[in-house]
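1. Output the structure for:
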Amino acid sequence: MTGVQFPENWKIENLVKLHDRKEFKSGNFEVDQWLSQMALQSQSKRLTNTKVLLNEASEIVGYYTLATSQVDFSDLPQGLAKSLPRRPLPVAVLAWLGIAKSNQGQGIGERLLAKALRDCHGAGQTFAFIAVVLDCLDHTAKEFYQRYDFEELPGYPMKLYLPYQRLDKMMNSKASGDVKTTNHNPTRR
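-> Model (predicted):
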């Protein structure tokens, strides 16, 4: 994966107070509320990091929030856990991803996911983790992430994971920036 392409004059920046967070509307109250009311505060406490995608008018078109956490060894699928120590294990967390309603259906979500995973992979070169995990707000979100090789954590139907080895393979493919799956029959919208 070489780079993620966005429309000309669009840019990704770390969230700062000057960004107009209250105008962002994705159509999902929780996604909008996180960005407008909690993302900056969480970031200032060094709990998360949020990046915003800005269009040429500096309006927020989309965003994603990353964090770190741990998962219990016993919560992992047997294939992933078999060679790991029996203790809490480090993971990268894709905590939030949102696209403005006016920009949905244009592939922006896929590209922001690719950028978020690229950031996770880059961090993984310095801080080791075994997987990227996320919690889905609904079944539509779950279907979206499953198209990009995220799988259910056993016993947690709305919690998905992407093993680091698969992430590494995605990032080292010769893709042009989009998230490429190893699944040969992904469901596309």
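
2. Can you list the buried residues in the helix or strand of the chain with the lowest mean pLDDT?
-> Least confident helix or strand of the chain, by mean pLDDT, DSSP states H and E, is helix 78-81 with a mean of 76. Residues of helix 78-81 classed as buried by neighbour count (16 or more other CB atoms under 10 Å): 80-81. C-beta here means a position set from N, CA and C on the backbone, and glycine is covered the same way.

3. any idea how far D72 is from the residue in the chain sticking out farthest from the centre?
-> Largest separation from the mean C-alpha position in the chain: R86, at 26.5 Å (CA atoms, centre = their mean). Distance, R86 to D72, using CB to CB, to the nearest Å: 9 Å.

4. joint contacts of the two?
-> Residues touching both R86 and D72 by CB atoms under 8 Å, 6 or more residues apart in numbering: none at all.

5. Let's verify the residue farthest from the centre of the chain: helix, strand, or coil?
-> Secondary structure state of R86, per DSSP: H, G, I helix; E, B strand; the rest coil, is coil.

6. Hmm, L66 and A39 touching each other?
-> No. Counting by CB atoms under 8 Å, A39 stays clear of L66, with 11.2 Å between them.

7. can I get the CA coordinates of the least confident helix or strand of the chain in PDB?
-> Extracted C-alpha coordinates of helix 78-81, given in PDB (Å, rounded to 0.1, in the frame of the first residue of the first chain):
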ATOM      1  CA  GLN A  78      -7.600 -20.100  19.200                       C
ATOM      2  CA  GLY A  79      -5.700 -19.700  15.900                       C
ATOM      3  CA  LEU A  80      -4.400 -16.200  16.900                       C
ATOM      4  CA  ALA A  81      -3.800 -17.100  20.600                       C
END
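
8. contacting residues around that helix?
-> If you take CB under 8 Å, 6+ apart as the criterion, helix 78-81 is touched by 73-74, 130-131, 161, 163.

9. would you turn those into TSV with distance to E152, secondary structure and neighbour count?
-> Below are the contacts of helix 78-81 laid out as TSV (distance: CB to CB, whole Å; DSSP: H, G, I helix; E, B strand; the rest coil; neighbours: other CB atoms under 10 Å):
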residue	distance to E152	secondary structure	neighbour count
F73	17	helix	15
S74	15	helix	9
I130	16	coil	21
A131	12	strand	24
Y161	8	strand	24
P163	13	strand	18
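
10. Using TSV, please lay out the residues you listed together with distance to F144 and pLDDT.
-> Below are the contacts of helix 78-81 laid out as TSV (distance: CB to CB, whole Å; pLDDT from 0 to 100):
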residue	distance to F144	pLDDT
F73	28	74
S74	28	75
I130	23	91
A131	18	93
Y161	15	94
P163	19	93
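
11. Which of those sits closest to K142?
-> Nearest to K142 among the contacts of helix 78-81: Y161, at 12.3 Å, using CB to CB.
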